[in-house]
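> Sequence and predicted structure are below.
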Amino acid sequence: MARSILTLGQVRIRSGSATRDQAMREAADILEAAGAVTSAYYDAMQQREQTVSTYMGNELAIPHGTNETKDAILDSALSVVRYDGGVDWDGEPVTFVIGIAGRGDEHLEILSQIAILFSDEDDVARLKSLDTPEELYEALAAVNEQ
């Protein structure tokens with residue numbers, strides 16, 4: 001049985017905006033609440049961001065830790081937060097912040113699935129138009145089928 005890396009409780013919609021660090025903190029907090037990471041994971045995300053931006057284009061950022069901080073990861077999981085007011089991600093406009101924790105090499109498979117979901121502008125527009133976390137979760141639940 002495939003376990004869920006994304007649950008409804010890990011999907012949120014915020015009407016306002018956030019700073020990059022606030023968005024990363026929320027992503028880390030959701031992953032920690034899900035039992036996927038330790039409290040050290042936020043710092044791991046910060047380290048990664050200092051090395052290379054996790055902005056992916058199409059209003060998407062996917063903060064995650066560095067390879068050196070794998071010990072902060074307990075299980076694979078995702079967090080999804082849509083900021084309708086936007087996030088200034090080092091000068092890039094971001095609406096979706098998807099936090100990723102991946103055991104072993106699982107994050108690569110998860111990353112590729114997320115990248116596919118957000119590669120089409122029409123798909124991104126549809127994800128932005130959904131009204132509830134439930135609808136957003138349903139639209140992204142395919143990531144659980146790996």
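Thanks, I have the structure now. Residues are numbered from 1 along each chain as shown.

> all strands for this structure, in order.
11-14, 17-19, 55-57, 60-61, 77-89, 92-101 (DSSP state E).

> what's the closest of these to residue 69?
Taking C-beta to C-beta, strand 92-101 is the member of the strands of the chain nearest to residue 69, at 10.4 Å. C-beta coordinates here come from the backbone N, C-alpha and C atoms, glycine included.

> now the closest one against strand 77-89, angle please.
With axes from the mean of the first three to the mean of the last three C-alpha atoms, to 10 degrees applied, the angle from strand 92-101 to strand 77-89 works out at 160 degrees.

> pretty sure residue 134 contacts residue 8?
Yes - counting by C-beta atoms under 8 Å, residue 8 is a contact partner of residue 134 at 6.4 Å.

> where do the contact lists of these two overlap?
Contact criterion C-beta atoms under 8 Å, 6 or more residues apart in numbering; residues shared by residue 134 and residue 8: none found.

> In terms of neighbours, single out the busier of these two.
The residue with more neighbours, out of residue 134 and residue 8, is residue 8; 14 against 11, by other C-beta atoms under 10 Å.

> Spatially, and excluding backbone neighbours, which residue is closest to that one.
residue 137 (4.8 Å; C-beta to C-beta, 6 or more residues apart in numbering).

> likewise residue 124?
residue 58 (5.1 Å).

> any idea of the pLDDT on residue 3?
As predicted, residue 3 sits at a pLDDT of 67.

> Repeat that for the one 3 residues further on.
According to the predicted model, the pLDDT of residue 6 comes to 95.

> In contact with it, which residues?
Contacts of residue 6 by C-beta under 8 Å, 6+ apart are 77, 78, 80, 137, 140, 141, 143, 144.

> pLDDT and distance to residue 51 added to the residues you listed, as a markdown table?
Shown next, in a markdown table, are these (pLDDT from 0 to 100; distance: C-beta to C-beta, whole Å):
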| residue | pLDDT | distance to residue 51 |
| --- | --- | --- |
| 77 | 95 | 22 |
| 78 | 95 | 21 |
| 80 | 98 | 23 |
| 137 | 96 | 31 |
| 140 | 93 | 27 |
| 141 | 88 | 31 |
| 143 | 85 | 25 |
| 144 | 85 | 29 |
